[in-house]
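K.L.:
next comes the sequence, and after it the predicted model I'd like to discuss.
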Number of protein chains: 2
Amino acid sequence: MTMRAVVMQEGQLSVGHVPIPQPGPKEVLVKTLACGICGSDLHCVKHGPHLLAAARDVTGVELFDYHQPVVLGHEICAEVLEHGADCHRTLATGSRVVCAPFLLRQQPITLGFGGIDTPGGYAEYMVLTEDLLIPVPDSVPSDVATLTEPLAVALHAVNRGALGTQDVPIVIGCGPIGLAVIAVLRMRGIGPIIAADFSPTRRAMAKALGADVVVDPRETSPFDSWKAMAAAAAPSDLGRQTAMFAGYPFRPSVVFECVGSPGVIQQILAGSAPCSKVVVAGLCMEADSFKPTFAIMKEIDLAFCIAFTPQEYAEAFSLLATGRIHLGALITGHVGIDGVQGAFDRLGSPEQDTKIIIVP
Amino acid sequence: MTMRAVVMQEGQLSVGHVPIPQPGPKEVLVKTLACGICGSDLHCVKHGPHLLAAARDVTGVELFDYHQPVVLGHEICAEVLEHGADCHRTLATGSRVVCAPFLLRQQPITLGFGGIDTPGGYAEYMVLTEDLLIPVPDSVPSDVATLTEPLAVALHAVNRGALGTQDVPIVIGCGPIGLAVIAVLRMRGIGPIIAADFSPTRRAMAKALGADVVVDPRETSPFDSWKAMAAAAAPSDLGRQTAMFAGYPFRPSVVFECVGSPGVIQQILAGSAPCSKVVVAGLCMEADSFKPTFAIMKEIDLAFCIAFTPQEYAEAFSLLATGRIHLGALITGHVGIDGVQGAFDRLGSPEQDTKIIIVP
């Protein structure tokens, strides 16, 4: 039995037929209802060998075989079709679900970056780990439900920032992750929030999601905006403030790097106040350079992020499902399997699209 | 009135006469009894313009004028000679003291890196801030008392690491700071401790100060040693462990970078376990490069350090004075003012010397 899928192979996307995967023990077969296109999917197609080399360096294993077909897609909403062996069957056939994109096998697999027998959501069917399924109520559309995944990434990044309600955070880059970070900060009552992006469309979205000051970094430094806002707010307890900075007039900042390009970290080190924390959520695939003296003399903390815990994924879904966070405005388009190549082309321009959802 | 001093000017050291400084309000004039030569002093002489440019970039101000005379020295023990205006005079003339090397003026000054009117300890006399003075009991020799400063740096670095007693720390580089980090970790009951240095002399010192496993990184990876030790220890609660690393067999590590050369941070990113913390205590003055993917995929925390708080300085002195930490073995030589140039030459070789104390 085969299914229709968008297949990536040697850096090319094409529509074809691949085998319908088989659920193993404690796994379910699902029908893909919706799947978001993530920036890392674009990375994967454009810079596959680079991503593979990086992952190999770090983990010692091959994420996938560049020369073999891979089915991308890890921002998913699906319908339960069939239970594998040893399932609890708590969620009956026909249940609509979201799921953290991990198969909890002996060797865990990240869905959307695996072999053809564990396809991601750019296909009609997938297998998921039953223990990770979360039921989706009727009130939550399938396309919105897929945003659980990027929201979980943002929630994890904010958790890594360990901010207090008195903090004045700065969000650099207002793509889907930066925008979701803004929404989480706003929901938690942390602010005022400063945000920066080159794109007018993205800046308007940042404002709509709760940023208080939104700047075009070509015209205004977000760090200058931060100084004005932070100076107006009550001074924070600097705690580990070193004598070297006794008398520094500003509180530490918490900066979210949501761009992922070389050089951005150094710009942030140069702009941040002493004792600041920088949460790096951007996925920079290239080598980067920085001047350690900036980080040293300011005693900066750099907290690098990827993914989230299953608990954070569940919390992210709860935030969407209960309406505490609204991210529907991020969705700027829907395509079928045949429209994925076109969607990839469109996503190159931040003025045109933010998040495009595949409905297989 | 003038005094003898080692003067640094345009990257050259010479012995000469400079004015005796005048204590301002809330300051005291002291006689320098002993002053340690710090690695940053060597940096300052060898790479002065580089250090100045870095400090200017970061702070926007000139640390000192490269073309004017500067008196180095911030690891000090001294004797109170004269009180300036508005002093409490709690410590009488003749008291032996240590002091965090900061003048708490309107614009704070780091002693040893200031103008000729605020000389460091490479001279017969200095001015210090009265509120920062700590009396030294007779049981603590003046040369040992100067080690309060590097011990405070190490204590601050360990505090930044926020380790638990179940952690298995790795110390990369066994110069004075790395050695002091080992002593603090041992004193706090944290371990086993892995240490690495190219020098056999430094490795022997690391062992003597409490490192459990000491390796020559040319022969044995400290990260391999760590894996063996960490696997034997009880597994730690990974807390924010992401699903990506579910099943990773080792606990996070806490790594102390005490080298300060380009490339070391990337080596540590490559060797460390996921979710590790890297405390950067080495003072790398050059641009550095790294591969963000290592830090991202492993969710590493980088905590950069310089200096310490006055509270940490006071605690460091207490640890030395009460004998909870013994660092006397670090002292491998004493010189007078005329011997400083020779001491700088000797400190280039880690086999010969670790810490040389100036007795003006």
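P.N.:
Alright, I've got the coordinates. Numbering: from 1, shown residues only, chains lettered A, B, ... in the order given.

K.L.:
from memory residue A:221 sits against residue A:272, does it?
P.N.:
No. Applying CB atoms under 8 Å as the test, residue A:221 and residue A:272 come out as separate, 11.4 Å apart. The way it works is simple: take the backbone N, C-alpha and C, and place the C-beta from them, glycine included.

K.L.:
so who does the closest residue to residue A:162 other than its chain neighbours touch?
P.N.:
On the basis of CB to CB, 6 or more residues apart in numbering or on different chains, the spatially nearest residue to residue A:162 that is not a chain neighbour turns out to be residue A:277, at 7.5 Å. For residue A:277, the contact set (CB atoms under 8 Å, 6 or more residues apart in numbering or on different chains) comprises A:161-162, A:252-255, A:300-303.

K.L.:
spatially, which two of those residues are the most separated?
P.N.:
For the contacts of residue A:277, the maximum inter-member distance is 14.5 Å, found between A:162 and A:300 (CB to CB).

K.L.:
comparing the two, which residue is more hemmed in?
P.N.:
Just comparing residue A:162 and residue A:300: by other CB atoms under 10 Å in any protein chain shown the higher neighbour count belongs to residue A:300, 27 against 12.

K.L.:
can you give me every residue that contacts the residue lying closest to the more buried one once chain neighbours are set aside?
P.N.:
In space, and not counting its chain neighbours, residue A:300 is closest to residue B:304: 5.2 Å by CB to CB, 6+ apart. The contact partners of residue B:304, taken as CB under 8 Å, 6+ apart, are A:292, A:295-296, A:298-302, B:280.

K.L.:
pLDDT score assigned to residue B:304?
P.N.:
Confidence at residue B:304, expressed as pLDDT, is 95.

K.L.:
which residues does it bridge with?
P.N.:
Beta bridges link residue B:304 to residue B:280 when assigned by DSSP bridges.

K.L.:
can you check residue A:3 too?
P.N.:
Per DSSP bridges, the residues bridged to residue A:3 are residue A:18.

K.L.:
more neighbours: which of residue A:221 and residue A:272?
P.N.:
More neighbours sit around residue A:272 than around the other of residue A:221 and residue A:272, counting by other CB under 10 Å; the figures are 23 against 15.

K.L.:
domain-wise, how is chain A divided?
P.N.:
Here chain A is described, according to automatic domain parsing, as comprising the domains A:2-147+A:327-358, A:151-304.

K.L.:
centre of the chain versus the longest one, how much separation?
P.N.:
For domain A:2-147+A:327-358, the separation from the chain centroid amounts to 14 Å (computed by CA atoms, centre = their mean, to the nearest Å).

K.L.:
over to the last one?
P.N.:
Here the centre of mass of C-alpha atoms in domain A:151-304, compared against the chain's by CA atoms, centre = their mean, lies 17 Å away.

K.L.:
may I have the phi/psi pair for residue A:310?
P.N.:
Reported as degrees, to the nearest 10, the phi and psi values for residue A:310 are phi -60, psi -30.

K.L.:
next: residue A:176.
P.N.:
Summarising the backbone geometry of residue A:176 under the convention degrees, to the nearest 10, its torsions are phi -50, psi -40.

K.L.:
so how far is residue A:307 from whichever residue of the stretch 1-150 of chain A sits closest to chain B?
P.N.:
Residue of the stretch 1-150 of chain A nearest chain B, by CB to the nearest CB: residue A:54 (3.8 Å). Computed as CB to CB, to the nearest Å, the residue A:54 to residue A:307 distance reads 15 Å.

K.L.:
any weak-confidence spans in the stretch 251-360 of chain A?
P.N.:
A:251 (pLDDT under 70).

K.L.:
dump the contacts of residue A:277 to a markdown table, plus secondary structure.
P.N.:
Conversion of those to a markdown table gives the following (DSSP: H, G, I helix; E, B strand; the rest coil):
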| residue | secondary structure |
| --- | --- |
| A:161 | helix |
| A:162 | coil |
| A:252 | coil |
| A:253 | coil |
| A:254 | strand |
| A:255 | strand |
| A:300 | coil |
| A:301 | strand |
| A:302 | strand |
| A:303 | strand |
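
K.L.:
quick one: which of those is nearest chain B?
P.N.:
residue A:302 (4.1 Å).

K.L.:
was I right about that closest one contacting residue A:278?
P.N.:
Yes. The pair residue A:302 and residue A:278 passes the contact test of CB under 8 Å, sitting 5.1 Å apart.

K.L.:
who touches both of those two?
P.N.:
The contact sets of residue A:302 and residue A:278 overlap at residue A:265 (CB under 8 Å, 6+ apart).

K.L.:
excluding chain neighbours, what is closest to residue A:186?
P.N.:
With sequence-adjacent residues excluded and distances taken as CB to CB, 6+ apart, residue A:186 is closest to residue A:210, at 3.0 Å.

K.L.:
what about that neighbour, how many residues close to it?
P.N.:
Using other CB under 10 Å, residue A:210 has 19 other residues around it.

K.L.:
surely it meets residue A:181?
P.N.:
No. Residue A:210 is beyond contact range of residue A:181, at 10.3 Å (criterion: CB under 8 Å).

K.L.:
who in the stretch 201-350 of chain A is up against chain B?
P.N.:
On the criterion CB under 8 Å from any CB of the partner chain, chain B has as its neighbours in the stretch 201-350 of chain A the residues A:240-244, A:246-247, A:265, A:270, A:280, A:283-310.

K.L.:
in strands, which of those appear?
P.N.:
The subset of those located in strands under the criterion DSSP state E comprises A:280, A:288-290, A:301-304.

K.L.:
so residue A:103 makes contact with residue A:118?
P.N.:
Yes. Assessed by CB under 8 Å, residue A:103 is found in contact with residue A:118 at 6.0 Å.
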